[in-house]
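1. Next comes the sequence, and after it the predicted model I'd like to discuss.
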Amino acid sequence: MQKRKKWLWFALFTMPVFLIFLSVVVVPFLLGIYYSFFDWDGLSLNAKIFVGFQNYVDTFSDKKFWAASLNTIIFTMLSVLLINILGFAFANFVTGKLRARNLSRAMLFMPYLIGGLILGYIWKFIFEDGLSALGEATGLTNIFFDWVNSPDMALYALIIVATWQMAGYIMIIYITGIQSIPEEFLEAARVDGAGYWQTMFKVKMPLLMPSFTVCLFMTLANCFKMYDINLSLTGGGPASASELVAMNIYNEIFSKSNFGYGQAKAILFFFVIAAVTMMQVYMTKKREVTL
């Protein structure tokens, strides 16, 4: 009787969440797989033409999709690296002997609270007008110019904005990890004569591997799926030079009305992200230290 009562309470609290997850995530995902086997514009109910795996085959000859994939790989690799380096550096800075540590944490975390669309429009003004004005004032027009409308620099502008937004959030996770390190471990390292960098690489970083696992997973997933900043900052331009995969899929479905083909791209993209993130979690979990 007691076990049955516990099960009923468990079902009462978990069933609403389960139903929401089922209706918002699982069912749309399965429908997406189903529609990926059809040639369909997403609107006409009776105009679906079954094409089998042709949509998946066509993605391998889609030059724009592969260009967007290359942009996404470059963007993700550089963004993940910069976000985690800055986040870790910020965390060490604000957990040190700093008087205004709480204010510093709040200021560094604040960019994450700004929505991606708004953030993109703010930085678009900075890159288009601010850098151009700075270049004219200093004469360094080869450095300070309109990055957003430059085919060579638009992707790097996207990386800068994404790093500025997420570094403060990742910092919070690293702060939690640093504060969970037992003080006696750090004291023992100091007694043994370890300097700052020796303590960092030999003591702190091995004990922070669980934090690295979480932060790398979150930054990888978020950077792969980046859309809002891509839309508001560069719009994928100029000439698709900064178009990421998420925008390419969105344009395929909603701009070109190729719903089935866009769904095939999305499914392939999902499995790529799942494989990369699972591999990352597996590799970093192996290096975690158990206290």
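-> It's in. Numbering: from 1, shown residues only.

2. Please read off the pLDDT at residue 78 from the model.
-> Residue 78 is assigned 96 on the pLDDT scale.

3. Now residue 112: closest residue in space, sequence neighbours ignored.
-> Once flanking residues are discounted, residue 112 sits nearest to residue 169: 4.2 Å by Cβ to Cβ, 6 or more residues apart in numbering. (C-beta placed from N, C-alpha, C; glycine too.)

4. For that neighbour, pull up the helix or strand it's in.
-> Applying DSSP states H and E as the criterion places residue 169 in helix 154-179.

5. Buried ones in that helix, by neighbour count?
-> Burial within helix 154-179, assessed by neighbour count using 16 or more other Cβ atoms under 10 Å, is assigned to 154-155, 157-175, 177-178.

6. and if you look at stretch 183-192?
-> 186, 189.

7. Stretch 120-140 now?
-> Taking 16+ other Cβ under 10 Å as the neighbour-count basis, stretch 120-140 is seen to contain the buried residues 120, 123, 124, 127, 128, 131, 132, 135.

8. who touches that stretch?
-> Outside stretch 120-140, the residues within contact range by Cβ atoms under 8 Å, 6 or more residues apart in numbering are 114, 141, 143-149, 157, 160-161, 164, 228-234.

9. Which of the buried residues of stretch 120-140 fall within helices?
-> Within these, membership in helices is found for 120, 123, 124, 131, 132, 135, as judged by DSSP state H.

10. Closest one of the residues you listed to residue 274?
-> In terms of Cβ to Cβ, no member of those lies closer to residue 274 than residue 120, at 26.9 Å.

11. Figure out how far stretch 197-213 is from the centre of its chain.
-> Going by Cα atoms, centre = their mean, to the nearest Å, the spacing between the C-alpha centre of stretch 197-213 and its chain's C-alpha centre is 23 Å.

12. Use 421 as the first number from now on
-> All set: I'll call the first residue 421, so the last point we hit is now stretch 617-633.

13. Now tell me what touches it from outside.
-> For stretch 617-633, contacts defined as Cβ under 8 Å, 6+ apart pick out 504, 512, 593-594, 596-598, 601, 605-606, 609-610, 614, 701, 704-705, 707-709, 711.

14. got it, and stretch 697-707?
-> Contacting residues not belonging to stretch 697-707 are listed as 626, 629, 632, 633, 636, 637, 640, 641 [Cβ under 8 Å, 6+ apart].

15. what about that stretch, average pLDDT?
-> Mean pLDDT, taken over the full extent of stretch 697-707, equals 89.
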